[in-house]
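Student: fold the following and give me the result.
(chains A and B)
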Amino acid sequence: KAGVTQTPRYLIKTRGQQVTLSCSPISGHRSVSWYQQTPGQGLQFLFEYFSETQRNKGNFPGRFSGRQFSNSRSEMNVSTLELGDSALYLCASSFDRGLQDGYTFGSGTRLTVV
Amino acid sequence: SQQGEEDPQALSIQEGENATMNCSYKTSINNLQWYRQNSGRGLVHLILIRSNEREKHSGRLRVTLDTSKKSSSLLITASRAADTASYFCATKETSGSRLTFGEGTQLTVNP
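Tutor: Next comes the predicted model:
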């Protein structure tokens, strides 16, 4: 079966701009989570969506937002980009929100803010 | 914030040797999961162990969990150069839906 697809793979943006990242989960998975990975902070939880509802949110400013569509595809948006937002953004999907089986991660979107 | 601490931060071994990585965490958990990451790419799920389990095997992987000490270990037996990667433990808390990751162990297997 197809894996988790994240687009785009690489992105370069300028400070102050906004960006939208996309994630298509594995077919049948209704849970989609987003993580930010940086060398300094490691892997940090951003938010989780399940059946189009945000179920949990990490400690990130309101500039970070997301949504999930009826087909379970998810997008995350970062507005007013800052240099510190440069990171690898990972999306993960799960059938059961990781309670019995683990998550399947996409290859990530590498965002560079200049 | 990171819940877990992983030990060691870096490990270098020869092909054929065993590699052991340790993970400690702070809160009550539903399960603990191990992931592998190659060179900044996506994470690959290796194994999940539930809070009521003490040991689990999958191929060359063996995971133990000690909830009284809030710690887990991952053993990779007969390591291969292809096992070179970063390994992360991640906990799923009983009260939440998020995964909380440790800082990771960078494993290098020399041919």
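Student: where in chain B is pLDDT low?
Tutor: For chain B, the stretches with pLDDT under 70 are B:1-4, B:95-96.
Student: again, 50 this time
Tutor: When the per-residue scores of chain B are filtered using pLDDT under 50, the ranges that remain are B:1-2.
Student: minimum distance to chain A, which residue of it gives it?
Tutor: Among the residues of chain B, residue B:45 lies nearest to chain A; the distance is 3.5 Å by C-beta to the nearest C-beta. In short, each C-beta sits where N, CA and C put it, glycine included.
Student: tell me the contacts of residue B:85?
Tutor: The neighbourhood of residue B:85, defined by C-beta atoms under 8 Å, 6 or more residues apart in numbering or on different chains, consists of B:36, B:37, B:38, B:39, B:107.
Student: so which bits of chain A are right by chain B?
Tutor: A:4, A:6, A:33, A:35, A:37, A:42-43, A:45, A:48, A:50, A:55-56, A:58-59, A:88, A:90, A:92, A:97-108, A:110 (C-beta under 8 Å from any C-beta of the partner chain).
Student: so which bits of chain B are right by chain A?
Tutor: B:1-2, B:30-31, B:33, B:35, B:40-48, B:88, B:90, B:92, B:96-104.
Student: if you set the cut-off to 7 Å instead, what comes out?
Tutor: Those residues of chain B that sit near chain A, judged by C-beta under 7 Å from any C-beta of the partner chain, are B:2, B:30, B:33, B:40-43, B:45, B:48, B:88, B:92, B:96-101, B:103.
Student: tell me which of those residues fall in strands.
Tutor: Using DSSP state E, the members of the residues of chain B next to chain A that fall within strands are B:30, B:33, B:43, B:45, B:48, B:88, B:92, B:99, B:100, B:101.
Student: out of these, which is most surrounded?
Tutor: Each of these was scored by neighbour count (other C-beta atoms under 10 Å in any protein chain shown); the top score is that of residue B:43, with 30 neighbours.
Student: is that one bridged to anything, and to what?
Tutor: Bridge pairing for residue B:43 (DSSP bridges) gives the partners residue B:37.
Student: and if you look at residue B:47?
Tutor: When bridges are taken as DSSP bridges, the partners of residue B:47 come out as residue B:34.
Student: enumerate every residue touching it.
Tutor: With C-beta atoms under 7 Å, 6 or more residues apart in numbering or on different chains as the criterion, the residues that contact residue B:47 are B:34, B:56, B:58, B:61, B:63.
Student: number of nearby residues for the closest residue to residue A:52 other than its chain neighbours?
Tutor: If the residues on either side of it in the chain are set aside, residue A:52 comes closest to residue A:68, at 4.9 Å by C-beta to C-beta, 6 or more residues apart in numbering or on different chains. Here the neighbour count serves as a burial measure; for residue A:68 (other C-beta under 10 Å) it reads 23.
Student: with the one 3 residues further on instead?
Tutor: Other residues near residue A:71 come to 10 when the count uses other C-beta under 10 Å.
Student: gap between it and residue A:104?
Tutor: 17 Å (C-beta to C-beta, to the nearest Å).
Student: now chain A against chain B: closest residue?
Tutor: Distance from chain B to each residue of chain A (C-beta to the nearest C-beta) is smallest for residue A:102, at 3.5 Å.
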